[in-house]
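[1] What follows is a predicted protein model with its sequence.
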Amino acid sequence: GCGQKPAEQGKEEQPQKEASKILRVGIISNPPKLDPVFATDTSSARVIYQIFETLVDYDNDGNVQPLLAESWDISEDALEYVFHLRKGVKFHSSVAGEPTANGGREVTADDWIWSFNYILNPDTNSPRAYFLDMIKGYEDYQKKKTEQIAGISKVDDYTIKIELDYPFAPFLSVLAYNTFNVLPKEDVEKHGTDQFNFHPVGTGPFKFEEWIQDDKIVLSKNENYWAKDENGNQLPYLDGVEFGIVTDLAMQWTEFGLGNFDIIEEVDDPYYHEAKEMPNFIERAELATYYYGFNLTMAPFKDNKPLRQAFNYAIDRQGLIDIVRNGRALPASGALPPGMMGYDESIEPKYTYDVEKAKALLKEAGYPNGIKVELTYNTSDAHKRIAEALQAQFKQTGIDVSLKNIDWGALLDAADRLEMPFFRMGWTADYPDPDNFLYVLLHSDNIGPNGNYTGFSNKDFDEITMKARTETDPAVREELYKKAESIAREEAPWLFIYHYTTHGLAQPYVKNMRVPFFGAYSLKYTNLDIEK
Amino acid sequence: MLNYVIRRLVGAIPVLVGVIAVVFILTTIVPGDPARIMMGQRGNPETIAKIRHEMGLDKPLPIQFLDFMKNALTLNLGKSYRNNMTVVEAITTRIPVTFKLAFFAMVIAILVGVPLGIISAVKQYSWIDYGAMFFAILGISAPVFWVALLAVVLFCVILGWIPGTGTGNGELIYYVLPSIVLGLRPAALIARLTRSSMLEIVRQDYIRTARAKGLSERVVIMRHALRNALIPVVTVIGIEVASLLSGVVITEQIFSLPGIGRLSVEALTNRDFPVIRGVVLFMAFIFVLANLIVDLSYPFFDPRIKYD
Amino acid sequence: MDSSQNKILEVKGLKKYFPITGGLLRKTVGYVKAVDGVDIFIKRGETLGLVGESGCGKSTLGRVILRLIDATEGEIIYEGQNVLKLTKSRMREMRKKMQIIFQDPYASLNPRMTVGDIIGEPMDIFNLAKGREKEEKVLELLSVVGLDIQHIRRYPHEFSGGQRQRIGIARALAVDPELIICDEPVSALDVSVRSQVLNLMQELQQKFELTYLFISHDLSVVKHISDRVCVMYLGKVVEVSDKNELYDNPLHPYTKALLSAIPIPDPEVKRERIILEGDVPTPINPPQGCRFHTRCRYAMPICSQQEPVLKDVGKEHFIACHLY
Amino acid sequence: METKTEKQKEEKNINQKMEGRSLWADGWIRLKRNKLAMFGMWLIIIICLAAIFAPYITRYDPNEQFIWTEGPSAKLVPPCSKYWFGTDVYGRDIYTRVIYGARISLQIGFAATAISVIIGVILGSIAGYYGGIIDDFISWLTNVIFAFPFLLFVLALVAYLPPSLPLLYMAIGVISWASFARVARGQVIQLKEMEFVEAATAIGSHDKRIIFKHILPNILAPIIVQTTLEIGSIIMLESSLSFLGFGIQPPKPAWGYMISEGKQYFLSGQWWWSVFPGLAIMILVLGFNLFGDGLRDALDPRLKQ
Amino acid sequence: MSENLVEVKNLKTYFYTEDGVVPAVDGVDFKIKEGETLGIVGESGCGKSVTSLSILRLIPSPPGKIVDGEILFRGENLLQKSEAEMRKIRGNDISMIFQEPMTSLNPVFTVGEQIAEAIELHQGLNKKQAMDKTVEMLNLVGIPSADKRVNDFPHQMSGGMRQRVMIAMALSCNPSLLIADEPTTALDVTIQAQILELMKDLKKRLNTSIMLITHDLGVVAEMAENVLVMYAGKVVEYADVRTIFKEPKHPYTIGLMGSIPRLDQPKEKLYVIEGTVPNPFNMPKGCRFHPRCPEAREICVTKEPELITINGHQVCCWKYCNEWKGAE
Ligand SMILES: Nc1ncnc2c1ncn2[C@@H]1O[C@H](COP(=O)(O)OP(=O)(O)OP(=O)(O)O)[C@@H](O)[C@H]1O
Ligand SMILES: Nc1ncnc2c1ncn2[C@@H]1O[C@H](COP(=O)(O)OP(=O)(O)OP(=O)(O)O)[C@@H](O)[C@H]1O
Ligand SMILES: [Mg+2]
Ligand SMILES: [Mg+2]
């Protein structure tokens, strides 16, 4: 899916038309959902970020910054948050070329109250509602004991208050998660929960125009967008965005080369060297970890720390990153990615490539003659590449890894049920807080679908991470997470592999290109511009 | 004739029911839960259970099957789990792309295959014949995905003749390459079959009769032989439509065409059961229909066949 | 030949209808009345010739007698036993007594078996002979039918039509049958080869005391080889009689026309020819009454209403015609 | 008497040498004259030999990743005298992998075809021979399989089942039998009406004998032809599955999977990774197709007259 | 009678097959006068059809090739004509009826179309006129309600009718020579009688020369004026019909006559020509009939006899040559 009509180009390339600035973005899959209440994947997020807006978001360094809330006050006990809403924010006045039901009216506190209640409503079934389970009255609302969620209330037309059950340090970050947008009641009700997906209406810089399934999504400029640049010019600069769906990275790269895309989602390893030379290629670390999980509830990894450590010593992370991934990642020695609170390079043990040590540990683990395990990974070229390389590396230590690929759905299923002895996983932060890593992925409360697929269960670890959740002093939290991280490293429930980087690639004529702290997919095109 | 069509369509119902039964069995034995997939990597067990219930996935399989069949009768194939679109809509929005692709591929196949076959047969054992048949078999032997890859590199990247993949704004140029790639195999098959069928026909007595009348070789071949020779070719075209549907899956994937093939793969990986069932039913129906059309076209080629 | 009482085979009211199916559920929508009430008998040691135009049901009759296809109705009495009532295994025993030779020398031999296997097969089935003994018997049969004994390991496609027909005959002889149904055994053969086979068949008949039902559409051949001749028309027997009687004194108008239609290989002979108008009607929808009345020049009103029955007009000359 | 048997014995001795030429022998003679078919046959033989003697004709291990020992200089080396077809991203020798890949393709081609031949011929013959409701049922089954989008069927099976070679054979075999059933059924129905089958009944053969002695040997030729062609298409099918990421597991050097891995690198200029395995598939399938085509001509009884 | 319409001299047509060369026709001479009917008899494979196809130059090539000889039609050598000139002759001056009426008509065209096609081509009539002529021809060959049956497809007609259509097609352009290659072999006797009668009648009316190929001696006796007996690609005997039947000279002809059962002359036992037709790849040396000939002598094995004429009766046998005695 690539925009330019070659045949008509000549005809229509008249001076006035040339002004129309459409940004063509290549994305890797047809987004399942454009309704933010239901979306869970990055392809959907890429589009949703342009249409919808949350109360807060992040600046380039990962600090929370105002978006639709101009400011906020947090109570001493960190249980009460009062948000002062931005004035003059209006819902889109049209969607898919037709006027919206809300008519483009201003967003007020009532809209936020309604939106939160809608998203958290148990009948809505939002997969991300539970992110806000710390809000007061969440439980009762879920059980349908109350009509409204008790903890969210209106102070005045431009002020809302949210009360929590317990102090939750990353709360603001959770609100930046792109499920919690303001939605126009009229339009949601008009189309229904089902069909709002095809008529998404928000407050963002771009309005939804058209969605040809598997082909493209077209957005147009929101003329009534609230933001202006420092010179007082109306944002966004672009006239529209066209997301073209090309499911193959090689083809996407080709299309980019042919000039059919202005931005592409991902540059696969083979093209990295070429892409790196391009002016608008930006790469930065991401809050993400690529790992292989050991199943701690079944043989051989159950109760066998030396074995897990042996695995961790058996791979040459840097070699893998350098040769197979062209150096596009950072070796991981633990769960937390660099840049995250609690990450510390000095935490022991440090897993380096040490075949001798690995062999010794293997012996200690009771496998002096090597071991055979099956690694399950989900079907994808990139995962396969890494698995093949690691398979070869493992061999040197006498670890015979056989590979088995299943598709993502089957992998999730098996992971939920802790059925696989050794499996590929990865994690990208939902919000920039170690809680989202250590608690979610390794706390024993979360064993199963909630995120802990290894069955890791360590009392100390559980206690520390639980305590860190409600701790309000950042310094204390950091210490707690360092401790937790060191337990995780020592116990090695995962084969820590690497921390991802995130990158963006745009054509040279795309101005103000950047890669946000939170990953390339969260880039908003508000101030991007095209100057050919 | 109408009677016959109705009879055939009614006769196809057991086959379609069988196809659906197979899909049901397949979709239930597979691991992977659509509700779970919708949740993303991390899911909340209660929400999953609720969604499963809403999808009716907690009902016993036979009940699900009967429900589906009942609804299918009214053309209600359900809604996509993935994005709430009705399955009928999901299919109909993709039909034009797949139809165009398959149609062009078939047209190319026929336009290339038939003349090649004729020339080959007429010049039997000449180097033209050997060459044409060698390339025809080569065409059948080269993997579609590989040819597609080479074609993209050659025509899009190196030569720049074709603007790229996808459908652009629906310009036909975007269909050229995929259609050729997809049409390659049927073209080769048709060429081979036309040749052998032609060789068989030119040995027939009535061809000798035609020659004995003093007709020129061109008239003999094009008028007397061709129509007879095309009868088995038509059958193969019908069968090829079915394998074309399979070919479409790969071709659409490689050329990023938003058609039925892509839909089916996407549905398969996301356990979007209603869409899988819908697509399979649709493809099976197309297969049945294609064969029916082929059968109905026989009387045009062969007046000995009459349906009533 | 005192054989007048010695009927080896008697067929009574035999019918074979092939169903024509159509419609959604493949219902039977009609029948091809291939054999429609035939009464004939064959005496031990004789040759009964069966003639008639293409499609009149000759082959079908032969096949039904051997139970290669099931009869629709009627009785087939072989030496007092109703063949149609035999169980499968009894029928297999019966096959030792009745054999068949086919018209198409190309289709009637399994192309993947050697001549030895083909001829030896019946011996295997009935455990008549094994090993050396079997081989010797096969060789003997080969020489009986005038084939080279070197041919035993050859395959059918390496033989000419006449030789293949001999192989077929040898196969039929392998079980020492009493009755052989010969379904146009020489029609596909060339003139010179045909006489070889005909002579061979005659010799074999004498040697092994065989009874033949000889099916052919060639009246000269039938006349040459038969003792009695039976004329069929559209699934029915129209005339049966001793051969000389029939050829010298044909009674049925159809027989007369048939006989007159045969070209005589003698330029001197000039005959008055009865040319029948039109073609043979189809057995799916045979004419009412006498089936021949549509082409008969003596047709009377009764012919189109009532079906004539086969009656003896003396000297075992049976005829089904209202004229008599 | 004595002299006669004596003579016969003598003749028999001669006869042994003068065995007849069966249709198979005839077919073989015709086949030998068909240059394209012989070319195809040699392609198959050469590839089979290469597969069998793979360790002797390549210097390397197909799974050895030279990047770990030789460093990045072994990565994606273009074809050269050291690595004839170049290396892949891990520094594995593509020539070696292509040669070993033949093992997998041939194995699957033969095994899956064998399964489908067995199922197809048995079901098809039963349907053709007995007719009636059995035929209706089996024909229904074949129609269902034909109407089922083939690739989706395999994809579904392979995607969801734990990957292993035998399962792959089974999956492919279980759904490719329909074409054999169709051929077998048609042939049996035709043969059932042949006079030599009738003759067999007339000499008192049982059903079993008729099926095994008279019918099956005669449907063998078209089945063999179909089999040869089918092996080719199953090899192709397997490669498309591998290409789509299902089926064979790394590091086994399956051709389709090599193409799919190499595809990413093709567009960045490292063409050799996907071009050579593609050529290998094409050549092997071409071999089977040419040979199958030739066989069809050679064994077709219509051409004999 | 008048001029020779056709004169075939030393015609040789060979097939070059993978298994070897088949001398299907190996030096055949005969002539047909205007209005004459020449009967050609012989066993299957003796080259009757190839001879007739050679005249029309319709031998499938490859593998067939006319390697030698002349075919004079009205004095012009057909073998030297261009393909385009030949096309003008085929179906126009010389036309042909084939053995199998079932398969010799194209199943996908109506019989009317197939006949009119030749008329349009050769007589320059337009479609409408050609169709009228077609109906006229069908009437002529005795097809009832011809104006309706022109629109029938071949499968809607019986064998006899189809053969009539073939005859109508062949006669539609008033050919001077009609080649009938076993026109009645596939038909029932009663139908055969109708067709023979029709051909005799037409011949009388149109004065066409006929080359009648058959292996049924009865048909020859009835239809032909002169008879040519062929054996293994060669002419073995050639005479007028009475002579052939009354005093056949060649042992093969004699054998042929003796081996057919006859309605009018009952025989206890048929005469038998021993052996089989020779393998075309491996023709016997000398006289091709010698392996089967009861009278064969040394010379027959070694030397090929020539066609000699005795009182206008041509025969190809050593028996009637002077060398015969010496060979004894
Ligand atoms: N298996 C069958 N199914 C349906 N109809 C059949 C079948 N076998 C024969 N018939 C029909 O029965 C009729 C008699 O056929 P049969 O073969 O007995 O004729 P015939 O006298 O032997 O003819 P021919 O001289 O051509 O061999 C024909 O009309 C034929 O079409
Ligand atoms: N296309 C061909 N290729 C090879 N050999 C051929 C071909 N056509 C005819 N022959 C050979 O030529 C010889 C004469 O054939 P022809 O058809 O003239 O015989 P015929 O006398 O017409 O026989 P029939 O009575 O069977 O029609 C045969 O031996 C035949 O095998
Ligand atoms: Mg018959
Ligand atoms: Mg002939």
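    Everything's here; your move. Ligands and ions are numbered 1, 2, ... in the order given.
[2] Could you use CA atoms for every contact and neighbour count after this?
    Noted.
[3] so where does the residue of the stretch 1-150 of chain B found nearest chain C fall, helix or strand?
    Distances between the stretch 1-150 of chain B and chain C by CA to the nearest CA are smallest at residue B:7, namely 5.9 Å. Take DSSP states H and E as the rule and residue B:7 turns out to sit in helix B:2-29.
[4] Next, the residues that contact the following helix or strand past that helix from outside, please.
    Following helix B:2-29 in sequence order, the next helix or strand is helix B:34-38 (DSSP H and E). Contact with helix B:34-38 is made by A:40, A:127, A:409, A:412-413, B:43, B:48-49, B:51-52, B:81-82, B:270-273, as judged by CA atoms under 8 Å, 6 or more residues apart in numbering or on different chains.
[5] if you set the cut-off to 6 Å instead, what comes out?
    The contact list for helix B:34-38 (CA atoms under 6 Å, 6 or more residues apart in numbering or on different chains) reads A:409, B:48, B:51, B:52, B:271.
[6] Out of those, which is nearest to residue C:178?
    residue B:271 (72.0 Å; CA to CA).
[7] That closest one - how many residues pack around it?
    27 (other CA atoms under 10 Å in any protein chain shown).
[8] next one: the one 5 residues further on
    Using other CA under 10 Å, the number of residues around residue B:276 comes to 26.
[9] now residue C:176
    15.
[10] likewise residue E:130?
    Residue E:130, neighbours per other CA under 10 Å, totals 23.
[11] Does residue C:37 belong to a helix, a strand or coil?
    strand (DSSP: H, G, I helix; E, B strand; the rest coil).
[12] Looks like it contacts residue C:13 (just checking).
    Yes: using CA atoms under 6 Å, residue C:37 is in contact with residue C:13, at 4.4 Å.
[13] Settle it for me: which of these two has more neighbours?
    Neighbour count, other CA under 10 Å: between residue C:37 and residue C:13, residue C:37 has more, with 18 against 14.
[14] if I look at that one, how far off is residue C:20?
    Residue C:37 sits 19 Å away from residue C:20, going by CA to CA, to the nearest Å.
[15] Check the secondary structure at the residue nearest to residue D:86 when sequence neighbours are not counted for me.
    Counting by CA to CA, 6 or more residues apart in numbering or on different chains, residue D:79 is the residue found nearest to residue D:86 once chain neighbours are left out, at 3.8 Å. Put simply, residue D:79 is coil when judged by three-state DSSP.
[16] Could you tell me what pLDDT the model assigned to residue D:79?
    pLDDT for residue D:79: 87.
[17] What separation do you get for it and residue D:281?
    For residue D:79, the distance to residue D:281 (CA to CA) stands at 19 Å.
[18] neighbour count winner among those two?
    A direct count of neighbours by other CA under 10 Å for residue D:79 and residue D:281 places residue D:281 higher, at 25 against 18.
[19] Report the secondary structure state of that one.
    Secondary structure for residue D:281, judged by three-state DSSP, is helix.
[20] Quickly note the distance from it to residue B:253.
    Counting by CA to CA, the gap from residue D:281 to residue B:253 is 20 Å.
[21] the helices in chain D, which residues?
    Under the criterion DSSP state H, chain D carries helices at the ranges D:2-17, D:23-33, D:35-52, D:54-57, D:67-70, D:94-130, D:132-147, D:150-160, D:165-192, D:195-202, D:207-209, D:216-243, D:255-266, D:272-299.
[22] and stretch E:261-275, how far apart are its ends?
    For stretch E:261-275, the first-to-last residue distance is 19 Å (CA to CA).
[23] er, stretch A:416-436 I mean
    First residue to last in stretch A:416-436 (CA to CA) measures 18 Å.
[24] Repeat that for stretch D:75-91.
    Terminal-residue distance, stretch D:75-91 (CA to CA): 4 Å.
[25] Figure out how far that stretch is from the centre of its chain.
    Counting by CA atoms, centre = their mean, to the nearest Å, stretch D:75-91 is centred 31 Å from the centre of its parent chain.
[26] and the residue in the stretch 201-328 of chain E positioned nearest to chain C, how many neighbours?
    Taking CA to the nearest CA, chain C has its nearest neighbour within the stretch 201-328 of chain E at residue E:218, 3.6 Å off. Using other CA under 10 Å, residue E:218 has 17 neighbouring residues.
[27] do the same with residue A:396
    Neighbour tally, residue A:396, other CA under 10 Å: 15.
[28] And it, its phi and psi?
    The phi/psi pair for residue A:396 (degrees, to the nearest 10) reads phi -70, psi -30.
[29] gap between the closest residue to it other than its chain neighbours and chain B?
    Setting aside the residues directly before and after it, residue A:396 is nearest to residue A:355 in space (CA to CA, 6+ apart), at 7.4 Å. Using CA to the nearest CA, to the nearest Å, we find residue A:355 at a distance of 33 Å from chain B.
[30] Break down the stretch 201-324 of chain C into its strands, ranges please.
    Ranges of strands within the stretch 201-324 of chain C are C:211-215, C:228-233, C:236-242, C:311-312, C:318-319, based on DSSP state E, counting those that start in this stretch.
[31] export the first one as PDB, just CAs?
    Only the C-alpha atoms of strand C:211-215 are listed here, as PDB (Å, rounded to 0.1, in the frame of the first residue of the first chain):
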ATOM      1  CA  THR C 211     -21.800 -76.800 -27.400                       C
ATOM      2  CA  TYR C 212     -21.700 -73.300 -28.800                       C
ATOM      3  CA  LEU C 213     -23.900 -70.300 -28.600                       C
ATOM      4  CA  PHE C 214     -22.400 -68.500 -31.500                       C
ATOM      5  CA  ILE C 215     -23.300 -64.800 -31.600                       C
END
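[32] Figure out how far that strand is from the centre of its chain.
    Remark: strand C:211-215 is offset 6 Å from the chain centroid, using CA atoms, centre = their mean.
[33] Can that strand be said to contact ligand 1?
    No: Strand C:211-215 is not in contact with ligand 1 by CA under 6 Å from any ligand atom; minimum separation 8.2 Å.
[34] mean confidence for that strand?
    93.
[35] partner strands of it, parallel or antiparallel?
    Here strand C:211-215 has these sheet partners by DSSP bridges: strand C:47-51 (parallel), strand C:179-183 (parallel).
[36] now the angle from the first one to strand C:228-233?
    What separates the directions of strand C:47-51 and strand C:228-233 is an angle of 20 degrees, with axes from the mean of the first three to the mean of the last three CA atoms, to 10 degrees.
[37] Name the pair among the contacts of helix B:34-38 with the greatest separation in space.
    So, these by CA to CA: farthest apart are A:409 and B:51, at 15.8 Å.
[38] contacts for stretch B:260-267?
    Looking at stretch B:260-267 with CA under 6 Å, 6+ apart, the contacting residues turn out to be B:94, B:248, B:249, B:252, B:253, B:276.
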